[in-house]
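Enquirer: Sharing a sequence plus its predicted fold:
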Amino acid sequence: MWGVKSIVDNTGAWFNGRISVSKTADEGSIPSAPAKSIDKEQDWKKVMKKVFDYIKSVRSEWFKIVWPNRETVVKTTVMIFIFSGLAALFFFVVDSILNALVGWIF
């Protein structure tokens, strides 16, 4: 597992399953570029723009949905009840037959 200290490498340091690719090895950290200043207001604006864009796309997709009419809903509901009843009857018959066979054998 990543991050689980389970193996010790040959230097005595904990090994988490990843190979060290540090160019500085034991010399410490040498940054290749200075850290960027964080402009929280710009980041906040970017995040909010993404959120609003997502909401706009969801809203546009919502209007593309074709909702079924009442007649279709009633027909499909009746079909579900009929096939559920047929499935229950089928499994009842199979269960009864298997129960009778097991009772007859033992």
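Expert: It's in. Residues are numbered from 1 along each chain as shown.
Enquirer: Could you give the average pLDDT over the helix or strand hosting Phe90?
Expert: Element membership for Phe90, per DSSP states H and E: helix 70-105. Averaged across helix 70-105, the pLDDT comes to 97.
Enquirer: again, but for stretch 54-64
Expert: 94.
Enquirer: residues making contact with that stretch?
Expert: Here stretch 54-64 makes contact (C-beta atoms under 8 Å, 6 or more residues apart in numbering) with no residue beyond itself. Any C-beta I mention is one placed from the backbone N, CA and C, and that applies to glycine too.
Enquirer: could I have it exported to CSV, CA atoms only?
Expert: Output of stretch 54-64 as CSV, limited to C-alpha atoms (Å, rounded to 0.1, in the frame of the first residue of the first chain):
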residue,chain,number,x,y,z
TYR,A,54,-21.1,23.0,-14.8
ILE,A,55,-24.5,24.2,-13.6
LYS,A,56,-25.2,25.7,-17.0
SER,A,57,-24.4,22.4,-18.7
VAL,A,58,-26.5,20.5,-16.3
ARG,A,59,-29.4,22.9,-16.9
SER,A,60,-29.0,22.6,-20.7
GLU,A,61,-29.0,18.8,-20.5
TRP,A,62,-32.1,18.8,-18.2
PHE,A,63,-34.1,20.4,-21.0
LYS,A,64,-33.1,17.7,-23.4
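Enquirer: What residues sit buried inside that stretch?
Expert: For stretch 54-64, burial by neighbour count (16 or more other C-beta atoms under 10 Å) applies to no residue.
Enquirer: I am finished for the moment; much appreciated.
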